[in-house]
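Visitor: The amino acid sequence is not available; the structure is as follows:
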Ligand code: ATP
């Protein structure tokens, strides 16, 4: 396989199910990721159903515009598996019978004490001049056609067949053509908005033209993606990213909670372990999501003592000791209730930290004073409790998720002795 300096690469995912909501095309993302690892980028990614005319059009277009085409799916024995035939027609190359492949397919059936159905013979035909790629996990062999100008790779659709074949035959071939090295880094930020992050670091971009920066907003989290490419080897690409990363760290400081892929729950877990501190949480509108996320981290039993989902007022009173007079006076969604929940769970569990969350996740239940998305989060340490007021946008699940992000970031900042960011703090509450 001989590719040009910057080849046009196209992935075609074939299968009608991939155009339905029931089957996501994961193969293309996987292949793109592995190509990126080699500094190669995908120019086109097409999904086509099992329709001969549409597929022929897509394949002809790909042959016309791309140097490397990797197609997945449609290599099975049934009538709707038409990939071989369509490539044969588009390329003007015959399909030729390969008796070694047939023997392999027959062997697979024999191992399972079955006789091979006649229709599987179809899979023993490959494009003239192409190489068959052995499929250890299925009957459909892959096909590799390497010509002067184009390279065409056909792989089966099931990921457990495609991935090992891509790794065994295609990745090593492609790595021989690698000329560009790409290094990537993702910095994760909590409690700052996308525009705030952009305004803090955008003046750095012109100083590092060899780095691409993209800022991506996710619920409760902003990610800064840094990417550098180098023709002189990986260490140059790494150096380019490292220099910009250092400067971004100086600007954003501990607002960056991760640069190694860690999630917020892993970061707070590590800090709690390091400082030998423990935690208990009392959740209302998040319905246990915070406890669930915290306990997704292996080893969380070292610091997570107790999680209570207290949805009703009665549960808040009976389980957490929130006075009913307080609930009557201020309501369940109030800074006072959040604070009493955090203090209550901390006291009851004897943990170092207590978190209380109460809010309106929606879609109903909001009012002018207390809109959907209003969530009070309190962090208690000893007899002190800090309360934050947040109004999160988004649907019920997003509001719940963002609440857990904020709660964990509040704890993270406390563990690092930082002031809370991006919160309107309501610390001076009327005592109850
Ligand atoms: P086989 O004969 O082994 O089934 P095939 O090449 O004919 O191979 P398909 O029939 O196209 O494969 O797909 C079989 C299954 O593989 C699909 O039902 C789907 O579950 C999975 N699959 C196919 N393509 C993709 C894709 N792009 N991403 C994720 N899964 C896929």
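Guide: Yep, it's here. Remember, it's a predicted structure, so these values are computed and weren't measured experimentally.
Visitor: secondary structure class for residue 287?
Guide: Classification of residue 287 using DSSP: H, G, I helix; E, B strand; the rest coil returns coil.
Visitor: Which pLDDT value goes with it?
Guide: Residue 287 carries a pLDDT value of 97.
Visitor: who are the neighbours in contact with it?
Guide: 309, 311, 400 (C-beta atoms under 8 Å, 6 or more residues apart in numbering). Using the backbone N, CA and C atoms, a C-beta is placed for each residue, glycine as well.
Visitor: could you list every residue that touches the residue of the stretch 1-150 of the chain found nearest the ligand?
Guide: At 2.7 Å from the ligand, residue 76 is the closest residue in the stretch 1-150 of the chain, using C-beta to the nearest ligand atom. Neighbouring residues of residue 76 by C-beta under 8 Å, 6+ apart: 123, 139, 140, 156, 157.
Visitor: check which helix or strand covers it.
Guide: According to DSSP states H and E, residue 76 maps onto no helix or strand at all.
Visitor: Phi, psi for it please.
Guide: Residue 76 adopts backbone torsions of phi -70, psi -180, taken as degrees, to the nearest 10.
Visitor: I'd like the numbering to begin with 26 instead of 1 from here.
Guide: Happy to do that; since the first residue is 26 now, the last one works out to residue 101.
Visitor: Next one: it from residue 160, what distance?
Guide: Separation of residue 101 from residue 160 (C-beta to C-beta, to the nearest Å): 11 Å.
Visitor: shared neighbours of those two, anything?
Guide: residue 181.
Visitor: near the ligand, which residues of the chain?
Guide: 38, 40, 42-43, 48, 50-52, 97-101, 106, 163, 165, 181-184, 186 (C-beta under 6 Å from any ligand atom).
Visitor: So among these, which ones count as buried?
Guide: 38, 40, 43, 50, 52, 97-101, 106, 163, 165, 181-183, 186 (16 or more other C-beta atoms under 10 Å).
Visitor: Filter those residues down to the ones in strands?
Guide: 38, 97 (DSSP state E).
Visitor: and residue 433, what does it touch?
Guide: Contacts of residue 433 (C-beta under 8 Å, 6+ apart): 215, 289, 290, 292, 293, 315, 318, 319.
Visitor: where does it land in three-state SS?
Guide: helix.
Visitor: can you check residue 442 too?
Guide: coil.
Visitor: okay, now residue 340: neighbour count?
Guide: 15 (other C-beta atoms under 10 Å).
Visitor: so which helix or strand takes in it?
Guide: Short version, using DSSP H and E: residue 340 is in helix 338-345.
Visitor: Kindly report the same for residue 254.
Guide: Of the helices and strands defined by DSSP H and E, residue 254 is found in strand 246-255.
Visitor: Each with direction, which strands does that strand pair with?
Guide: Within its sheet, strand 246-255 is paired with strand 206-214 (antiparallel), strand 236-243 (antiparallel), according to DSSP bridges.
Visitor: For residue 390, grab the count of nearby residues.
Guide: So residue 390, with other C-beta under 10 Å, has 14 neighbours.
Visitor: residues touching it, list them.
Guide: residue 397.
Visitor: picking up where we left off before, for the helix holding residue 340, what is the average pLDDT?
Guide: Averaged over helix 338-345, pLDDT sits at 97.
Visitor: Work out the gap between the next helix or strand after it and the centre of the chain.
Guide: Going down the chain from helix 338-345, the next helix or strand is helix 349-355, by DSSP H and E. Computed by C-alpha atoms, centre = their mean, to the nearest Å, the chain-centroid distance of helix 349-355 equals 42 Å.
Visitor: Need the phi and psi values for the closest residue to residue 175 other than its chain neighbours.
Guide: Excluding the flanking residues, the one nearest residue 175 by C-beta to C-beta, 6 or more residues apart in numbering is residue 92, at 6.1 Å. Main-chain dihedrals, residue 92, degrees, to the nearest 10: phi -90, psi -40.
Visitor: Isn't residue 92 up against residue 31?
Guide: No. At 9.5 Å, residue 92 does not count as touching residue 31 under the criterion of C-beta atoms under 8 Å.
Visitor: Between these two, which has more neighbouring residues?
Guide: Between residue 92 and residue 31, counting by other C-beta under 10 Å, residue 92 is the more crowded of the two (17 against 13).
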